[in-house]
Structures are given as C-alpha cells and as structure tokens.
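no sequence on this one, just coordinates:
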C-alpha cells in the first residue's frame, strides 16, 4: 500500500515529465494536494490514498468550504487536482480504485470577461503618441497584443527570431512550454518594423536581451507590470471607463473572430487553449450580443 509521500512524489514526476507542466502549474497542483494529504493523514488518519472513499472526499470538500472559505473557482480547482491525482494513481496501478470518479465539480457562475469593441480598440490606438520613442513602442506592442491574442507572458517573451514576416506568423512559446504558430496582421508587422527602425535599433541592448522584441529604456525585456501600466494609461487617455487589462485584448481578439464567423477550433489553436471548453466562453459572449440586438430591435421581444 503506497504512502502519501511516495504517491505525491510519483505524481509530481508525472506532472513534470509526462504532462510537461511548467513549474508554476506543478506547484499549484501540489499545493492543493498538500492540504488534501494533510487532512487525510492528520484528520482522517488514513495512511495511504488507497484508503480514501467517496464519503471521505465529500467530507474534505465540506472542510474546504466551511473552514478554508474557498471561492467556487478555487474549490473547483482543488477538486480537479484531487481527481487528476487519483486517476493517475489508478492508471499506474499504485492503488486499486479511484474514489474521486463520482466526486462532482461545483456548478460555477460563469462571468463573461470584459471586451472592447472595435471602435474602442481604434480609439486606444489613436491616443498613443507615436512621435515619442515610448509611444511608438507602446503602439507596436498593443497592436501585437490585439492582432495575435497573446497572453502577457507571451508578449514580453516574444522574440525577433520567431517572427516570420513573409509568412505572416509568429511562433509563440505558451503555457507548459508548448509552441504554436499564430497569424499576425500586416498593421502589427508594420508597427514592429517602424519601432525597430526608429527606436530599437538605436538602443543599447543589455546582454541576453538581444532577441526580445520589446525593450525598456535600459535595453531589457519589459515586465508584466509595465504592460499593465501601458494598457491602463492608454485606457485613461482614451476615456474608456471599462476595467481593462492586457488580457482584455486577448478576449477582444477572440470575441471579434467569433462575431466574424471564425471556426471555434481555429480560435482554440490560436489562443493555445488545451481544451475547447475554455474557448467556448466566446460563443456565450456572442450569444449575449445577439440577445441585446433582439431586445433592441425585435417588435415582439
């Protein structure tokens, strides 16, 4: 009968080698399971995951709600971690059964993300002072953010050597070190070229930063905080009152594609979503838009 320590060690190796999860993702899983194993060993006095039953799992979920005050989303993530853990143990024949197979995920109240319409996107671009080096850089990076639907981490790590200008693609290193090719629009490529010629090529670039596309004044790659500040300042200058972040451009990218009739699988590929379920939220957003149009214009609404 496998001990908790050995089971957790085997699972962490599985996450890193077979699943190929990034360090932060692995740590998130293991944090959830550390609390779970502590409760099982210290409170329930179970010496092995093989002794866990569905009733014990339900008792643990009650503990997470009543004593740990987890939100719906955090609770769902914890349950998902537990189910993945037990599924792995059964698959590798380290235990005899999987008590988590009947453990239900809580129903989440889905909140639709904030999205900018096309006019707001254009307004944001128009307020950038492209006559200054920083303004020109910021216009270029916002064009790329919207054109490709990138995550912040993907934008700041974007490399010149991974931009295929003739083909109109950028190679992105996404979550879990997974690579994907994403189309990039001609306007974004033109702004990158303009930024390179007028700003980047005239900078002193710090060693190790030569290939990063977007640099700060000191010639180093931008930080996440800087991207957030650039977006917030642009929204303020444009008079946009929505609570937007860099991720808003990613949501807007996907939503505008859906509204234009793009295939959901193609959008999933471009966004780098592992599951089509994650991408399907943009279908719901398009449905909300249709409902608004119906309410406004249909005579028998």
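Structure's in. What do you need? Because the structure is a prediction, the values reported are computed rather than measured. Numbers count the residues shown, from 1 in each chain.

excluding covalently adjacent residues, which one is nearest to residue 43?
residue 63 (7.8 Å; Cβ to Cβ, 6 or more residues apart in numbering). Backbone N, C-alpha and C define where each C-beta goes, glycine included.

where in the protein is pLDDT low?
106-111, 286-294, 297-301 (pLDDT under 70).

which elements pack onto the lengthiest helix in it?
When the chain is parsed with DSSP state H, its longest helix is helix 72-91. Using 3 or more Cβ pairs under 8 Å, 6 or more residues apart in numbering; DSSP states H and E, the elements in contact with helix 72-91 are helix 4-17, helix 23-38, helix 54-66.

closest to residue 104 out of those?
Among those, the nearest to residue 104 by Cβ to Cβ is helix 54-66 (9.1 Å).

can you report how many residues lie near residue 242?
Neighbour count for residue 242, taken as other Cβ atoms under 10 Å: 11.

which SS class is it?
Under DSSP: H, G, I helix; E, B strand; the rest coil, residue 242 falls in the coil class.

how much space is there between it and residue 61?
Going from residue 242 to residue 61 by Cβ to Cβ, to the nearest Å gives 36 Å.

helix or strand for residue 250, which one?
Here residue 250 sits within helix 246-259, counting by DSSP states H and E.

so how far is that helix from its chain's centroid?
Chain-centre distance of helix 246-259: 13 Å, with Cα atoms, centre = their mean, to the nearest Å.

which secondary structure elements does the next helix or strand after that helix contact?
Toward the C-terminus, helix 246-259 is succeeded by helix 264-271 as the next helix or strand (DSSP H and E). Counting contacts by 3+ Cβ pairs under 8 Å, 6+ apart, helix 264-271 is packed against strand 179-183, helix 246-259, helix 276-279, helix 281-297.

and these as CSV, adding distance to residue 267 and mean neighbour count?
Below are the helices and strands packed on helix 264-271 laid out as CSV (distance: least, Cβ to Cβ, whole Å; neighbours: other Cβ atoms under 10 Å):
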stretch, distance to residue 267, mean neighbour count
strand 179-183, 11, 15
helix 246-259, 5, 21
helix 276-279, 6, 13
helix 281-297, 7, 13
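
list the buried ones in the helix or strand harbouring residue 142?
Assessed by DSSP H and E, residue 142 sits inside helix 133-148. Within helix 133-148, the residues scored as buried using 16 or more other Cβ atoms under 10 Å are 135-148.

and that helix, what does it pack against?
Against helix 133-148 (3+ Cβ pairs under 8 Å, 6+ apart) you get helix 118-126, helix 152-156, strand 169-173, helix 186-198, helix 224-238, helix 246-259.

spatially central, which residue of this protein would that be?
A centroid search over the chain (Cα atoms, centre = their mean) returns residue 151, at 6.3 Å, as the residue closest to the centre.

which residue packs closest to that one, ignoring adjacent ones?
Per Cβ to Cβ, 6+ apart, closest to residue 151 is residue 250, 6.6 Å.

circling back: just want the angle from the helix holding residue 250 to helix 118-126.
Relative orientation of helix 246-259 with respect to helix 118-126: 140 degrees, computed using axes from the mean of the first three to the mean of the last three Cα atoms, to 10 degrees.

tilt between helix 246-259 and strand 179-183?
Going by the same axes, to 10 degrees, helix 246-259 makes 60 degrees with strand 179-183.
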